[in-house]
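> From the sequence below, what's the structure:
(2 chains)
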Amino acid sequence: MSVGMSSAPLDIIAPDEASMVACGAQLAAACEPGLVVFLQGELGMGKTTLSRGFMLALGHSGAVKSPTYTLVEPYRLAELQVYHFDLYRLGDPLELEFMGIRDYFTEESICLVEWPQRGTGVLPPADLVINIEREGLGRRLTLRAATALGSTVVTRMRASPPTA
Amino acid sequence: MLILGLETSCDETGVALYDMARGLLADALFSQVDIHVEYGGVVPELASRDHVRKVLPLLEQVLAEAGCTPQEIDGVAYTAGPGLVGALMVGATLARALAWGWGVPVLGVHHMEGHLLAPMLEDEHPQFPFVALLVSGGHTQLVRVDGIGQYRMLGESLDDAAGEAFDKAAKMLGLPYPGGPHIARMAQRGDPARFDFPRPMVNRPGLDFSFSGLKTYTLNTVAECRQASELTEQDRCDIARAFEDAVVATLVIKCRRALRQEALKTLVIAGGVSANLRLRSALERALDKEGARVFYPAAKYCTDNGAMIAYAGAQRLQAGQVDDEQTRVRPRWPMEELPPLDAAGAA
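From the prediction side, this is the model:
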């Protein structure tokens, strides 16, 4: 099995909102504690929708609200602690230190980070980077592993296509 | 009973003095919006650093304005949540330090309770029970209010708040932060017939909101206009109009539905988006037909402020509710967990 940066990117086409939610569920099924996922894409690409699918698949019931205003929304899910970040409103990566950013990125927690580029230099590195782009009326997701853990997740996702 | 109120949950630093007998004596606000404009959003650490720098001068200002000395203050109220933890801690630690130094009780207040009680600061204020629409950059909620501390959530946004949708749509149109007033201004010159944006979730039963899809629809419309040619000034005005119409129509439909469901005739709207004039006139028109009435806070109490915290804190402190000596803030705090005012003495 290939590890690290060498594994090929995985492309997934999500034609609509429901399949974006299904992608989130697929990611949830493949993930492990300690995973750091960066979600990249312009406004309105479905980053929070993907995160909603992720949270719902892990047993969260209720709304998955945009963390734009609050910067981070914590989710205590069965055996897992998930933090959903949105750094859209960050002016300077150094502000993350004042937020106590290091307390969130532990071996037990999973962190989904929207707008990670606003935290460059201070934010811990990602295991998995998901780019979302427009593809017709739908979206194309490109998943790139950056660590062995990320590679494991991509391999699992390749083996289990979404069932939406 | 004279109460000092401190608000530091997000962008604004607000300090106010409210007296149970004499009403609001003074309030002062320092907004960090100017600092945020250059970043196109709120900058939390700059915001909370500025709370530290501004809160004591604001306190001196309100004392001077009210002609009071600290010895006359009977209690301190501060916003304990929800909000940014770093920002909340500034108000919480200062409130506790002042109260300890002055030997008076202190109480953490719920930010959204402050907002929904803000219309009570007006001479002509609503009577309980009523339905409140709280609509801002961080919240879109419909709440049934039977009295202070008696709240039942009727519906809320499942994704983006209405104010956040305004901010993001503004960004897509190349408009500065905060987006609401800029969209409203552009919309005035927009053709309402050119685009027909979806009204999210109005065809579904229930009172929840979703504004994420509207954001995507706006993005797609901007992209289509760009594809045809470059995005013209008229395109931007027309999109702003269609966007604003869709948000306003959605909020109006849900408010009317909430009033009918609860069989109530009084609506309160509060939060930054309640300053939107098209929303106000559309609500008044729709509610007039139902024989219902809408109340707003004064414009300066629509957005975050210290007066609403001083007011809410005064009601609860007067009823005997006091915090213990532990400093607590709650970044997440469901409003339904608040104790009713009547039970406060027994709690």
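> do you know how far B:Gly137 is from chain A?
Computed as C-beta to the nearest C-beta, to the nearest Å, the B:Gly137 to chain A distance reads 6 Å. Quick note: C-beta positions are derived from backbone N, CA and C, even for glycine.
> SS state for that residue?
Secondary structure assignment for B:Gly137 (DSSP: H, G, I helix; E, B strand; the rest coil): coil.
> Over to A:Arg158?
Taken by three-state DSSP, the conformation at A:Arg158 corresponds to helix.
> Confidence-wise, which helix or strand of the chain is lowest on average?
Just so you know, I chose chain A. Averaged element by element with mean pLDDT, DSSP states H and E, chain A has its least confident helix or strand at helix A:95-98 (a mean of 73).
> right idea, wrong chain: chain B
For chain B, scoring each helix and strand by mean pLDDT, DSSP H and E identifies helix B:33-37 as the least confident one, at a mean of 56.
> contacts for the helix or strand that comes right after it?
Of the helices and strands lying after helix B:33-37 in sequence (DSSP states H and E), the nearest is helix B:44-66. Taking contacts as C-beta atoms under 8 Å, 6 or more residues apart in numbering or on different chains, the residues outside helix B:44-66 that touch it are A:71, A:89-92, A:94-95, A:98-99, B:4, B:6, B:8, B:10-11, B:13-17, B:25-30, B:32, B:35-36, B:69-70, B:84, B:86-87, B:89-91, B:94, B:306.
> average pLDDT for whichever helix or strand comes after helix B:44-66?
On the C-terminal side of helix B:44-66, the nearest following helix or strand under DSSP H and E is strand B:75-81. On average, the pLDDT along strand B:75-81 is 97.
> Packing partners of the biggest helix by length in chain A?
Scanning chain A for the longest helix, with DSSP state H as the assignment, gives helix A:17-30. Where contact means 3 or more C-beta pairs under 8 Å, 6 or more residues apart in numbering or on different chains; DSSP states H and E, helix A:17-30 is packed against strand A:10-14, helix A:47-57, strand A:138-145, helix A:148-159.
> out of these, nearest to B:Leu142?
Ranking these by their distance to B:Leu142 (criterion: C-beta to C-beta) puts helix A:47-57 first, at 21.1 Å.
> Quick one: name whatever helix or strand follows that closest one.
Next in sequence after helix A:47-57, counting helices and strands by DSSP H and E, comes strand A:72-77.
> buried set for that next one?
Of the residues in strand A:72-77, those buried under the neighbour-count criterion (16 or more other C-beta atoms under 10 Å in any protein chain shown) are A:Val72, A:Glu73, A:Tyr75, A:Leu77.
> So what touches it?
Where contact means C-beta under 8 Å, 6+ apart, the residues beyond strand A:72-77 that reach it are A:55, A:58-60, A:64-65, A:67, A:81-86, A:99, A:104, B:332.
> try 10 Å
The contact list for strand A:72-77 (C-beta atoms under 10 Å, 6 or more residues apart in numbering or on different chains) reads A:28, A:48, A:51, A:54-60, A:62-67, A:81-87, A:99, A:101, A:104, A:109-113, B:84-85, B:331-332.
> What residues sit buried inside stretch B:96-107?
B:Arg96, B:Leu98, B:Ala99, B:Trp102, B:Val104, B:Pro105, B:Val106, B:Leu107.
> Repeat that for stretch A:151-164.
Neighbour-count burial for stretch A:151-164 [16+ other C-beta under 10 Å]: A:Ser151, A:Thr152, A:Val153, A:Val154, A:Thr155, A:Met157, A:Pro162.
> And for the first one, nearest residue in space, chain neighbours not counted?
Just to be clear, that refers to A:Ser151. On the basis of C-beta to C-beta, 6 or more residues apart in numbering or on different chains, the spatially nearest residue to A:Ser151 that is not a chain neighbour turns out to be A:Ala145, at 3.9 Å.
> shaky segments in the chain?
Just going to use chain A. Applying pLDDT under 70 to chain A flags residues A:1-6, A:98-99, A:162-164.
> Wait, chain B was what I had in mind.
When the per-residue scores of chain B are filtered using pLDDT under 70, the ranges that remain are B:31-49, B:343-347.
> contacting residues for the most centrally placed residue in it?
By C-alpha atoms, centre = their mean, chain B has its centre lying nearest to B:Gly271, at 2.7 Å. Contact partners of B:Gly271, counting by C-beta under 10 Å, 6+ apart, are B:112, B:115-116, B:118, B:132-141, B:161-163, B:297, B:302-304.
> can you check B:Pro200 too?
With the criterion set at C-beta under 10 Å, 6+ apart, B:Pro200 makes contact with B:157-160, B:165, B:208-215, B:217, B:246-247, B:249-250.
> In CSV, could you pull the C-alpha coordinates for stretch A:91-108?
What follows is stretch A:91-108, C-alpha atoms only, in CSV (Å, rounded to 0.1, in the frame of the first residue of the first chain):
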residue,chain,number,x,y,z
GLY,A,91,-7.4,38.6,9.7
ASP,A,92,-4.0,37.2,10.8
PRO,A,93,-2.9,33.6,11.4
LEU,A,94,-1.4,34.7,14.7
GLU,A,95,-4.9,35.2,16.0
LEU,A,96,-5.1,31.4,16.2
GLU,A,97,-2.6,31.4,19.1
PHE,A,98,-4.9,33.7,21.1
MET,A,99,-7.8,31.3,20.4
GLY,A,100,-5.8,28.5,22.0
ILE,A,101,-5.6,26.6,18.7
ARG,A,102,-3.2,23.9,20.0
ASP,A,103,-5.8,22.7,22.5
TYR,A,104,-8.1,21.6,19.6
PHE,A,105,-5.7,19.5,17.6
THR,A,106,-5.1,16.4,19.6
GLU,A,107,-4.7,12.7,18.9
GLU,A,108,-8.3,12.1,20.0
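> and chain A, which of its residues are near chain B?
Chain A has residues A:17, A:42-46, A:48-49, A:51-52, A:62-66, A:68-74, A:87-92, A:94-100, A:118, A:134, A:137, A:139 near chain B, with proximity defined as C-beta under 10 Å from any C-beta of the partner chain.
> Those, buried ones only, as a ChimeraX selection?
Applied in ChimeraX, the following selects the buried portion of those according to 16+ other C-beta under 10 Å:
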select /A:17,43,44,45,46,48,49,51,52,63,64,65,66,68,69,70,71,72,73,87,88,89,90,91,92,95,96,99,118,139
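> Helices of the stretch 151-300 of chain B, residue ranges please.
Residue ranges of the helices in the stretch 151-300 of chain B, as given by DSSP state H, counting those that start in this stretch, are B:162-172, B:179-187, B:212-228, B:233-262, B:277-289.
> ok, residue 133 - how many residues close by?
Just going to use chain A. As a burial measure, the neighbour count of A:Glu133 was computed by other C-beta atoms under 10 Å in any protein chain shown and equals 12.
> The intended chain is chain B.
For B:Leu133, the number of neighbouring residues by other C-beta under 10 Å comes to 29.
> Wasn't it part of a strand?
Yes: counting by three-state DSSP, B:Leu133 is found in a strand.
> Quick check: chain neighbours aside, which residue is closest to the closest residue to chain A within the stretch 151-300 of chain B?
Nearest residue of the stretch 151-300 of chain B to chain A (C-beta to the nearest C-beta) works out as B:Leu219 at 3.7 Å. Closest residue to B:Leu219 apart from its sequence neighbours, by C-beta to C-beta, 6+ apart: A:Gly44 at 3.7 Å.
> who are the neighbours in contact with that neighbour?
A:Gly44 is in contact with A:132, A:134, A:139, B:168-169, B:172, B:212-220, B:222-223, counting by C-beta under 10 Å, 6+ apart.
> do that again at 6 Å, thanks
A:Gly44 makes contact with B:Lys215, B:Thr216, B:Leu219 under the criterion C-beta atoms under 6 Å, 6 or more residues apart in numbering or on different chains.
> could you dump those to TSV with neighbour count?
Converted to TSV, the contacts of A:Gly44 look like this (neighbours: other C-beta atoms under 10 Å in any protein chain shown):
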residue	neighbour count
B:Lys215	26
B:Thr216	18
B:Leu219	18
